[in-house]
Structure formats: C-alpha cells, structure tokens
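> Would you be able to build a 3D model of this:
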Amino acid sequence: MKQLLTGNQAIARGFYEGGGHLAASYPGSPTVEILESLKEYDEIYSEFSVNEKVALEVAMGASLYGARTMASMKHVGVNIAADPLMTFTQTEINGAFVLVSGDDPGMASSQNEQDNRIFGKFANMAVVYPGNSQEAKDYMKISLEISELIQIPILMDITSRVCHSRSIVEIMDRKEVKPKGFIPHREKYTMFPPHTFKAQHFMKDRLEKLREVAYDMPLNKLEEVEGSDTLIITSGLMYYNLKELGLDVSVYKLGLVYPLSEKRMRELADKYKHIIVIEEMMPFIQDELKLMGISSKGKEYFNFTGELHIEDIRNGLIKAGVIEGEEKTYQVVDTVKRPPMFCSGCPHRPVFDVLKKLKVKVIGDIGCYSISALEQWDVSQIMISMGATVGMTKGMNKVMRRFQDDEPLVSVIGDGTFFHSGMTGFVNLLHQVDDEDNMTFIILENSTTAMTGGQPNPSSGNFNKEDDMRVNIKKMLSSIGFDNVREVDQFNYKEVKKVIGEEVKKKGISIIIATRPCALRFKIKEKNFYVDPKICIACRTCVRTNCPPIRMKEYQGIDKLKSFIDPDMCVGCSVCSQVCPVGAIKRSL
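Prediction:
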C-alpha cells in the first residue's frame, strides 16, 4: 500500500514500523507534526513534554530500559536539550535512540539558522539526512537498527521543506521488538570519573566502527557517468533539486553525512579531477573532506544561508564551470502582503494595546506574542529565546538602578514558555531583591501552546477537562515567595489598563497573570459585534487594536470612511467595543 505523506508523518510511520515504543517532544516548527502523527498508533507511548530537555530525558530513560525511542524537536530545541545529550552520547545504549532535529534554512519560523549536522558531530552521534518522505521513513527504520547494532545514538537532521512537503511512501507492517529491560551496570551508566574516561574511548571506537561500515552503506548512493571528470557530493533535498537539472555528471548522494568513510572518499578523490559539494547552510561535508586532506569546492559557488533551490544550484554550477549558460536571477511573484497578526479574539491583543499606549520598555519572549515586536504593534523591543525575558529584564534592571535610571521595565511571557524555561528565571528574581527594583512581569495565560498548533501545556487542564495537568501559576509563584501576584481577565479592558498602569508605577517586583483561553485552540465564538456608522466618529481607535475583522469602510450615504467589523470573522471578544470612545460598537442580538 502507498500513501501520500509529509516528511513528519513519514518519520512517525517509520518509527511505528520500526518497532518504536516511546516518543517525546516539545512542539516547535518544523517538527511538531511528528508527535501529532504518532497519536494514532496505540502501540507507542508519546508525549509533548514541558520542554526539550525533559523530552530528551524521558526518551533516554526508555532507551536505557531497552525500548526503541525517539525525541523530536526543532533545531534550537537541541540547545535546550544539550546538557543531558552531551553526556548520554558517551554511554552505551540499551535500546535504539534517535533524536530528530528540524533545521530551518531560510528561517521561515525560527530566530536563527543553525546547522545541527555540526551539533551531531559535536555530540559524537551518527547523522542521517533524508531528502523526501520515503527516505524519512526508511532512514528512521534503518537508524533504529544501526543505533542498536553499534550502540550509538542517531541524529536525524531534517529540514523544514522536507518536513512539510508530501511524497509517495510505501506503507509496511510494524516490526515488534520487545525491550530488553534495564540491567544495572555502574561503569556504563554512572557518568563521572573514572567511568567517563573509559566512556570517551567507547564513544570514539563506535564512531570508527560506523565509519568502516559507511564504506558501502546502502544509505549512500553513487551514480557514476562515464567520462565525467567531476563528482558532485550532496545529500537530502539538494540531491533531488540537483536531479531536476538532468545533468550528465557523476553524483555521490550521502544518506549518512557523519561519519564519512575516509576510504571511500579517497577512492573517489583519486578517480575524479573535480569534487563539488552542494549543501545548504554550513560547509559541513566540505569541511569533513578538508579534514581528510581532500580538495573540494562548494560554498565558493553556493550561498551559506537560506535554501538552495534548483535555480540556485544551476547558477552555482555555471560559476563552477560544470555547465554552460548564463546565470539567471529569479524574482518571487508579488502577492498581497499579509503580515502575521493576532487571531480574531486573541486574548493577547488588549495587553499589548495597553502597553503600547503606556509607552514603556517591553522585553518580549518567544510565542504568538512575538508578533508584538512587528511594525503594526511596535511594543516588544527585545526578543531572543524561550524564557530569556525574565533573566534579561533582571539584568537590565540591576544595571539601570546602579546608574540611577528609574524607568520601569515590563517583561512579557506566555504560560507555555513560563513552564518551558521561565520558571527558573522567576526563582532567580528572588535573589538579591532590591526595594528600588521596578520590574513588572506579565504572564499571558491562554492555556495552550498556541504558536505551534494548540498543544497542551501544564495549565491547560484548568480550562479543558481533557488535559491532565492543572498547574495553578498564581499558587506556584506565591508558594515560592512572590507577594504581589495579581490576576486579570484580558478581555476586561478597563481592568487590564488599570492593573498594568498601577503595577508599572510600583517599586519592587510585580507579577500580573492575564488569563483568558486561546480563542482558536478552544474554538471560542460568541455573538459578533457591529459598528453603527451614524455614531462612529472615524477615530480609528478600534482599528488600532489590530483585530483582523476590523477595517475602515465606505457606507452608502456617508461621505467619510467609518469602521466596519466583518461578522464572519468576529468571535465576539468585545475589546473593540470597550475602547470605542462613543459607544458606536455594539453586540448583535
């Protein structure tokens, strides 16, 4: 049987067919769909953990019991998981372990563009690199086998386009594999000196063993053209983009990009006059060849950032003299621009509307509310990484006070991000508290991990009975020592404005929990609002809340443009009616 699957769905299917037992993840584009797809397989325990580090640790525990396990996360999530990962990769493993990293060339949905093939080498892992959905499924199954055979954790590095694009996949039956169970062994599993000295050698030896196996591994495919003096080495999606050009040139496609077989590479270097490497982002393969003393070209002709499309590869090969022709520039067809915006009924909107009017310094964080940094809002002035706002706000505040700068600072963080990596920052706020501090922390509690599709977080159960975690953020903060913690309904605009205004003026540490569930995740829709054009004074106060249903419109018999609310888009949150100074916005009966 064959199915049309995305790369993410294919990875999930490969894990199922390969006898996978446990998968853990933290939602992040482009890999969030992997765990969502695993929900249909009852044979596999799967969970969205509170962050990537915890997800990795859950998978580690299952692997040490002998289960076939997988952890999946976006590329920056591996940074969060790095602490346990860098030690786990020097232990012997009992059950297969695959870490899926979703890289994002071109940064379609990410704050940076790191190449985690490098992270895989850094962590002494094998690195596989699929280029379509069939390979994603096959490579997962092969990785599970290699991992157990050679006792090595595998990094499957997959890019956004492969994660989300669809192709035909052969569907097969599941292979049942029983976990071996955990047998205690102090030297293998307790990582401190002197055990770690021996582990370092074990880590090196298994990589060398895999390097030998890589010589004729089926994951790597050599396509030779008689008479060609040039060999193109590539991997993943770049191979398929290259093949679209239909060139009469030899190609070595790598499925296992680390470790490379030095024996195989030297044989090829002796056979071909020119070696050209085509790879997205960093010159990883090119650098590996350089370490072997093998001359190659690559990044001289191809960009170090962004995706490499068919046209980019063609232009690069023209520069390299592999093919003849003129370089062509291509333009993206202009379309109607639609900047990211808060959804209709998003509870974050009133908070940022108030903050914009207060004109205070705001340090933001990663989540749906990152939109607050865009031009139409221009509220959050700093945004770096998950949970960073809390520590950065404290650091900036402490220096400001030393130099008699009394300006208040506001930090905004979502509830999912609070649980992910903000909690430790809040505990740290209690260290060296100063009465002259002026920090206001706003926690946006919408009861979901909204930006990645509405996955649950530890407070979701307070609103939705189907979710099993019901952590009360206010009780948690009060229990660790914060006295000034206030809750406010985000859709009570006057109350939000009053509370934020009061707390910003106070000295000390203020915490405001703005509570209202995500309208999109929980499909919240009440009777819509409409504008009475005869009362509307066209002040655009409602328009400035940046709610998608609201725009200016020409009404029949009225010369001036007046506000209009699209009834099909409005979910009845009422914020526009609360900010209207003349009462022109009313709820439908």
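> Please point out which parts of the lowest-mean-pLDDT helix or strand in the chain sit buried.
Here the helix or strand of the chain ranked lowest by mean pLDDT, DSSP states H and E is helix 186-189, holding a mean of 76. For helix 186-189, the neighbour count (16 or more other CB atoms under 10 Å) marks K188, Y189 as buried. The C-beta positions use only the backbone N, C-alpha and C, and glycine is treated the same way.
> what do you get for stretch 370-385?
The neighbour-count check on stretch 370-385 (16+ other CB under 10 Å) flags S370, I371, S372, A373, W377, V379, S380, I382, M383, S385 as buried.
> quick one on the thing from earlier: convert the C-alpha atoms of the least confident helix or strand of the chain to PDB, please.
Output of helix 186-189 as PDB, limited to C-alpha atoms (Å, rounded to 0.1, in the frame of the first residue of the first chain):
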ATOM      1  CA  ARG A 186      27.900   1.200  37.200                       C
ATOM      2  CA  GLU A 187      30.600   1.800  34.700                       C
ATOM      3  CA  LYS A 188      28.200   2.100  31.700                       C
ATOM      4  CA  TYR A 189      25.600   4.300  33.200                       C
END
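> count of neighbours near K527?
K527: 13 surrounding residues under other CB atoms under 10 Å.
> Isn't C573 up against P517?
No: the criterion here is CB atoms under 8 Å, and C573 misses it with P517 at 11.5 Å.
> Name the residue in those two with the higher neighbour count.
C573 (27 against 20).
> ok, which pair from the buried residues of stretch 370-385 is furthest apart?
By the measure CB to CB, W377 and S385 form the most distant pair in the buried residues of stretch 370-385, at 20.0 Å.
> where along the stretch 351-500 of the chain do the helices fall?
Assigned by DSSP state H, counting those that start in this stretch, the stretch 351-500 of the chain shows helices spanning 388-402, 415-417, 423-429, 473-479, 493-505.
> Minimum distance to V333: which of these has it?
The nearest among the helices of the stretch 351-500 of the chain, by CB to CB, is helix 415-417 at 35.9 Å.
> Residues contacting that closest one, please?
Residues from elsewhere that reach helix 415-417 (CB atoms under 8 Å, 6 or more residues apart in numbering): 365-367, 386-387, 443-450, 457, 459, 473.
> Where neighbours are concerned, which of those has the most?
Ranked by neighbours (other CB under 10 Å), these are led by N446, which has 30 neighbours.
> ok, K560 - contacts?
A538.
> before we move on, back to that, can you add distance to A81 and give the helices of the stretch 351-500 of the chain back as CSV?
What follows is those, written out as CSV (distance: least, CB to CB, whole Å):
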stretch, distance to A81
helix 388-402, 17
helix 415-417, 16
helix 423-429, 15
helix 473-479, 24
helix 493-505, 35
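> Most tightly packed of these?
Highest mean neighbour count of those: helix 415-417, a mean of 29 (counted as mean count of other CB atoms under 10 Å).
> rewinding a little: looking at the buried residues of stretch 370-385, spot the one nearest I511.
S380 (17.9 Å).
> Can you give me every residue that contacts the closest residue to that closest one other than its chain neighbours?
Nearest non-adjacent residue to S380, counting by CB to CB, 6 or more residues apart in numbering: G364, 3.0 Å away. Neighbour list for G364: S370, S372, A373, V379, S380, Q381, I382, M383, T389, V412 [criterion: CB under 8 Å, 6+ apart].
> same check, this time on V225
V225 sits next to D248, V249, S250 when contact means CB under 8 Å, 6+ apart.
> Just the pLDDT for it.
Listed pLDDT for V225 reads 92.
> In three-state terms, label it for me.
Look at V225: counting by DSSP: H, G, I helix; E, B strand; the rest coil, its state is coil.
> So which residues of the stretch 201-350 of the chain form strands?
In the stretch 201-350 of the chain, the strands defined using DSSP state E, counting those that start in this stretch lie at 221-223, 230-235, 250-254, 256-258, 274-278.
> Does anything pack onto the first one? Which helices or strands?
It refers to strand 221-223. strand 250-254 (3 or more CB pairs under 8 Å, 6 or more residues apart in numbering; DSSP states H and E).
> What helices and strands are in contact with the strand it packs on?
Here strand 250-254 touches strand 221-223, strand 230-235, helix 237-243, going by 3+ CB pairs under 8 Å, 6+ apart.
> What angle do strand 274-278 and that strand make with each other?
Note on geometry: by axes from the mean of the first three to the mean of the last three CA atoms, to 10 degrees, strand 250-254 and strand 274-278 are set 40 degrees apart in direction.
> Tell me which residues are up against strand 250-254.
Under the contact criterion CB under 8 Å, 6+ apart, strand 250-254 has outside partners 129, 219-225, 228, 230-235, 239, 242-243, 260, 268, 272, 285.
> Going by neighbour count, list what's buried in stretch 208-215.
L210, R211, V213, A214.
> Which single one of those is nearest to K290?
R211 (16.6 Å).
> you'd agree the closest one is up against Y258?
No: using CB under 8 Å as the test, R211 is too far from Y258 to be in contact (9.2 Å).
> ok so, going back, just how off-centre is the least confident helix or strand of the chain within its chain?
How far helix 186-189 lies from its chain's middle: 34 Å, per CA atoms, centre = their mean, to the nearest Å.
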